[in-house]
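>>> Curious how this folds, go ahead:
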Amino acid sequence: MKSKSFLSAHPVIKQLLVMLAISVGILIVAFIAIHFVSRHGREYELPDLIGQNVDDVEAHNVLGLHCVILDSIYREGQEGGLIITQDPKPASIVKKGRKVYVTVTAYMPNDAIVPNIIGGFSLKDAISQLDGVGLRGGRLTFVENRELNYVDKITYRGMEIKAGQKLTHGAMVDLVVGLGNDPNRAVGVVPFVIGKKSDKARKEILSRSFNVGQEHFDGVSDRYSAVVYKQEPSYTGVSQYAYGTSVELWYCDADEQQAKKMVSDFKVDSSQIIQEETIEWGIEDADFESEGW
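Purely as a prediction, here's the structure:
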């Protein structure tokens, strides 16, 4: 009775108590809702989505995953919409309804603008710029001039092309490169590309002033995900070859762990290695982080 009389005599305090009770109730409901919305304690292993159609994944996955397309890359001979890379990676622990950031194959090729890589640009920089705009380095032809390893000319299907021209995304362009005044200086060590995918191996070989020779894909299910298991000339760390020498490559199907094992299992005569750590060129964490390693 006294309590009722007190609250009746102090309506402001009564209203504050009512508001406090309502606030506590709201907080309890909010915590319960957050518990169910976040599915606290209910986590699942993310499946491997690579190679699946992004629309099919969106429509039929049991985890309610939402695919966010970050980029699309045209691959000749492959249907559009296939997932090339995913983040988080397969086997990551996620909750239902998770967003997965993916790169997919494009339905139609985009245009690529030929960059300005003639005169003053080293071959390594030129290959990097071509890759950056979606073009691929093709055949290297070396000619005598004063600048060793600098690009003199760009050709496409035998025709000279200029910076600013449009080509199909993924087109392969050939480069005419300076040999310098002393051909005896135009030699180098063949890079180690065991465990690398085709595009990575090609970029590495061309950047070192060598050509990519015949590529063998016998028994390979997917050329874009296959990795190099053999190269000729083989890597020794010291053996030098003339610029423009062709490096022949053999590929096989392999996942990330198998590719790493290829690198660790690679055997060379240590007496012929200047620095044994250079064998790490074959495969780096950075390669795995981009474009599905």
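
>>> Going by C-alpha atoms from here, please, whenever you check contacts or count neighbours.
Will do.

>>> which regions of the stretch 151-293 of the chain sit below the pLDDT cut-off?
Scanning the stretch 151-293 of the chain for pLDDT under 70 picks out 267-293.

>>> how about 50 then?
Residues of the stretch 151-293 of the chain that meet the criterion pLDDT under 50 lie in 269-292.

>>> all strands for it, in order.
With DSSP state E, counting those that start in this stretch as the criterion, the stretch 151-293 of the chain has strands at 151-156, 159-161, 166-168, 172-178, 187-189, 211-216, 227-232, 240-242, 246-252.

>>> Compare those and give me the one nearest Y107.
strand 166-168 (13.1 Å; CA to CA).

>>> Just list what the closest one packs against, helices and strands only.
Judged by 3 or more CA pairs under 8 Å, 6 or more residues apart in numbering; DSSP states H and E, strand 166-168 is in contact with strand 111-113.

>>> which other helices and strands contact the strand it packs on?
Partner elements for strand 111-113 (3+ CA pairs under 8 Å, 6+ apart): strand 166-168.

>>> Buried by neighbour count: which residues of the strand it packs on qualify?
Neighbour-count burial for strand 166-168 flags L167 (criterion: 16 or more other CA atoms under 10 Å).

>>> K260 is in contact with K196, isn't it?
No - counting by CA atoms under 8 Å, K260 stays clear of K196, with 9.4 Å between them.

>>> Between the two, point out the one with more neighbours.
Taking other CA atoms under 10 Å, K260 and K196 do not tie; K196 has more neighbours (29 against 19).

>>> separation between the more buried one and E45?
27 Å (CA to CA, to the nearest Å).

>>> Check V133 too.
Relative to E45, and taking CA to CA, V133 is found at 35 Å.

>>> same check, this time on R75
On the measure of CA to CA, R75 and E45 end up 29 Å apart.

>>> Could you do K153 as well?
Distance, K153 to E45, by CA to CA: 51 Å.

>>> now the strands for the stretch 1-150 of the chain?
Assigned by DSSP E, counting those that start in this stretch, the stretch 1-150 of the chain shows strands spanning 44-45, 66-73, 83-87, 93-94, 99-105, 111-113, 136-143.

>>> Going by neighbour count, list what's buried in the third one.
The neighbour-count criterion (16+ other CA under 10 Å) identifies 83-86 as the buried residues of strand 83-87.

>>> what does the second one give?
Judged by neighbour count (16+ other CA under 10 Å), strand 66-73 contains these buried residues: 66-67, 72-73.

>>> what's the answer for the fifth one, then?
Within strand 99-105, the residues that qualify as buried are 100-105, counting by 16+ other CA under 10 Å.

>>> so it versus strand 83-87, what angle?
150 degrees (axes from the mean of the first three to the mean of the last three CA atoms, to 10 degrees).

>>> Could you list the paired strands of strand 99-105 along with their orientation?
strand 66-73 (parallel), strand 83-87 (antiparallel) (DSSP bridges).

>>> still on that earlier bit, need the max-distance pair from the buried residues of strand 99-105.
Pairwise distances across the buried residues of strand 99-105 peak at 15.9 Å for V100 and T105 (criterion: CA to CA).

>>> which one is G188 nearest to, not counting chain neighbours?
Leaving out its chain neighbours, the residue that sits closest to G188 by CA to CA, 6 or more residues apart in numbering is Q240, at 4.9 Å.

>>> Tell me the spacing between that neighbour and S234.
Taken as CA to CA, the span from Q240 to S234 is 11 Å.

>>> go on, V62?
Per CA to CA, V62 is found 47 Å from S234.

>>> Tell me which of the two has more neighbours.
Using other CA under 10 Å as the criterion, V62 and S234 rank with S234 on top: 17 against 10.

>>> who's in contact with that one?
Going by CA atoms under 8 Å, 6 or more residues apart in numbering, S234 touches 190, 192.

>>> Quickly note the distance from it to L206.
From S234 to L206 the distance is 16 Å (CA to CA).

>>> if we can go back for a sec, for the buried residues of strand 66-73, work out which two are farthest apart.
Greatest spacing in those, by CA to CA: H66 and I73 (19.9 Å).

>>> Now do the contacts for the nearest residue to E160 once chain neighbours are set aside.
Nearest residue to E160, sequence neighbours excluded (CA to CA, 6+ apart): I154, at 5.8 Å. Contact partners of I154, counting by CA under 8 Å, 6+ apart, are 118, 160-162, 173-176.

>>> quick one: which of the residues you listed has the most company?
Neighbour counts for the contacts of I154, by other CA under 10 Å, peak at L175, which reaches 25 neighbours.
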